[in-house]
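Q: fold the following and give me the result.
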Amino acid sequence: MNPRSVIDAVIETPIVTSFTRLGYEARKRLDRWSPLDSYDLSGRVMVLTGATSGIGHAAARQIATCEATLVIVGRDAARNQRAVDELIQATGNDRVTHVAADMGDLGAVRDLARHVLAEHDRLDVLIHNAGALTAQRHVTSDGIEATVASQVVGPFLLTTLLLDRLAASTPARVITMSSGGMYASALEVAHLEMSAAEYNGTAQYARAKRAQVTLNEMWAERFGDRGIHFHAVHPGWADTPGVDASLPTFSRLMGPLLRTPAQGADTMVWLAAADEPLQSNGRFWLDRRQRSIHKLPTTKRTDTPARRQQLWDRVTELIGGV
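A: As a prediction, the model looks like this:
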């Protein structure tokens with residue numbers, strides 16, 4: 001192990017140093033990161049969900065700054081348009097548009113895919129960033145628990161519908177924004193959607209995030225040979241409106257140590273822009289380095305080939321015909 005990897009491992013072990021801005025700043029200096037502004041993304045077409053606030057908005061601004069053609073996706077058309085106007089004004093890039101779609105509504109996801117396919121003859125990067133932790137249990141019109149619908153099933157459907165366009169634009173990338181919360185969760189299939197009696201927003205969010213990183217690996221195994229690179233990313237602990245709303249006590253206690261939205265977005269944008277992620281597939285990243293998807297032996301024991309196949313089959317069943 002080289003000296004930089006040794007130092008990174010020391011930072012990684014205690015969660016507070018790893019996930020906060022302390023880890024971000026240390027690794028940025030340690031690995032001498034290339035500035036994101038140095039990447040020229042002109043000519044590339046990217047779709048980014050959850051782009052109107054927090055990490056998603058910070059990522060959208062950076063991607064637009066790098067001159068990509070960008071489609072942002074959010075649930076509210078008016079809010080989307082305000083974000084588009086702000087991005088164009090801030091970056092001077094007028095190749096930013098939006099589509100209104102709720103990623104938990106499978107009909108809306110199908111409409112989104114049709115729009116992207118009709119408007120763009122190539123798709124270089126698809127970024128799944130939309131998602132929220134909600135205290136109350138909700139079920140979508142498709143009959144799916146809302147967290148699982150928006151963060152697992154909807155993204156799975158969108159990837160499926162755009163797969164051929166991605167394969168025609170190689171090397172292409174599919175990037176999924178996950179969370180450190182998944183480290184505490186086993187891989188669930190039968191109980192992926194928590195019942196009303198057992199529902200806990202934090203636990204449901206963690207189950208969805210665990211499913212995300214598992215499916216990311218499976219996408220790479222099954223379709224990586226088509227020139228599409230699938231990666232998942234953990235942003236660290238960032239100070240965003242979503243964190244303030246869903247975890248107010250955590251946000252208040254950790255305040256000064258939380259990363260900015262731009263710091264939380266850094267690795268996601270880097271995965272979309274840099275050449276290094278094209279040298280691997282199906283990986284999980286934090287601060288521009290590959291990480292294990294397990295920190296606990298209890299979660300690793302549940303991650304069996306049989307249960308993985310059950311997860312893929314279950315999500316395929318939930319999306320129905322495509």
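
Q: for the helix or strand hosting Arg29, which positions count as buried?
A: Arg29 is part of helix 21-30, with elements assigned from DSSP states H and E. By neighbour count with 16 or more other Cβ atoms under 10 Å, helix 21-30 contains the buried residues Arg21, Leu22, Gly23, Tyr24, Ala26, Arg27, Leu30. Where you see a C-beta, it was placed from the backbone N, CA and C, and this is true even at glycine.

Q: quick one: which of the residues you listed is nearest Ala220?
A: Nearest to Ala220 out of the buried residues of helix 21-30 is Arg27 (Cβ to Cβ; 24.1 Å).

Q: wait, the closest one sits on Arg288?
A: Yes: using Cβ atoms under 8 Å, Arg27 and Arg288 qualify as a contacting pair, with a distance of 7.1 Å.

Q: return the member of the buried residues of helix 21-30 nearest to Asp275.
A: Proximity to Asp275 was ranked across those by Cβ to Cβ; first place goes to Arg27, at 19.0 Å.

Q: how near is the closest residue to Met268 other than its chain neighbours to Gln151?
A: In space, not counting the residues next to it along the chain, Met268 is nearest to Val233; the distance is 5.1 Å by Cβ to Cβ, 6 or more residues apart in numbering. Val233 sits at a distance of 14 Å from Gln151 (criterion: Cβ to Cβ, to the nearest Å).

Q: mutual contacts of these two, please.
A: Residues within reach of Val233 and of Gln151 at once, by Cβ atoms under 8 Å, 6 or more residues apart in numbering: there are none.

Q: still on that earlier bit, report pLDDT for the residue nearest to Met268.
A: The confidence metric pLDDT takes the value 97 at Val233.

Q: okay, now it: neighbour count?
A: 31 (other Cβ atoms under 10 Å).

Q: then the one 3 residues further on?
A: Neighbourhood size, Gly236 [other Cβ under 10 Å]: 25.

Q: one more: Asp31?
A: Counted with other Cβ under 10 Å, the burial measure for Asp31 works out to 15 neighbours.

Q: wait, doesn't it sit right on Thr267?
A: No: shown here, Asp31 and Thr267 do not form a contact pair, counting by Cβ under 8 Å, at 11.4 Å.

Q: okay, and the common contacts of those two?
A: Arg288.

Q: and the helices in the protein, which stretches?
A: Applying DSSP state H to the chain gives helices spanning 3-12, 15-19, 21-30, 54-65, 77-91, 106-119, 146-148, 154-167, 201-223, 241-246, 248-254, 261-273, 297-302, 305-319.

Q: which one of the ones you listed has the poorest average confidence?
A: Set side by side, the helices of the chain show their lowest mean pLDDT on helix 3-12, which sits at a mean of 52.

Q: gap between the closest residue to Tyr205 other than its chain neighbours and Arg173?
A: Beyond its immediate neighbours in the sequence, the residue positioned closest to Tyr205 (Cβ to Cβ, 6+ apart) is Leu133, lying 4.3 Å away. When Cβ to Cβ is the yardstick, Leu133 and Arg173 sit 26 Å from each other.

Q: cool, Gly43 as well?
A: The value you get for Gly43 to Arg173, if Cβ to Cβ is used, is 15 Å.

Q: now do Arg21
A: From Arg21 across to Arg173, the span is 26 Å (Cβ to Cβ).

Q: please apply the same query to Leu41.
A: 12 Å.

Q: overlap of the contact sets of those two?
A: Counting by Cβ under 8 Å, 6+ apart, the common neighbours of Leu41 and Arg173 are Ala272.

Q: surely the residue nearest to Met268 meets Asp266?
A: No: counting by Cβ under 8 Å, Val233 sits too far from Asp266 to count as a contact (9.5 Å).

Q: who's in contact with His115?
A: Val99.

Q: separation between it and Leu162?
A: Shown here: His115 relative to Leu162, a distance of 11 Å by Cβ to Cβ.
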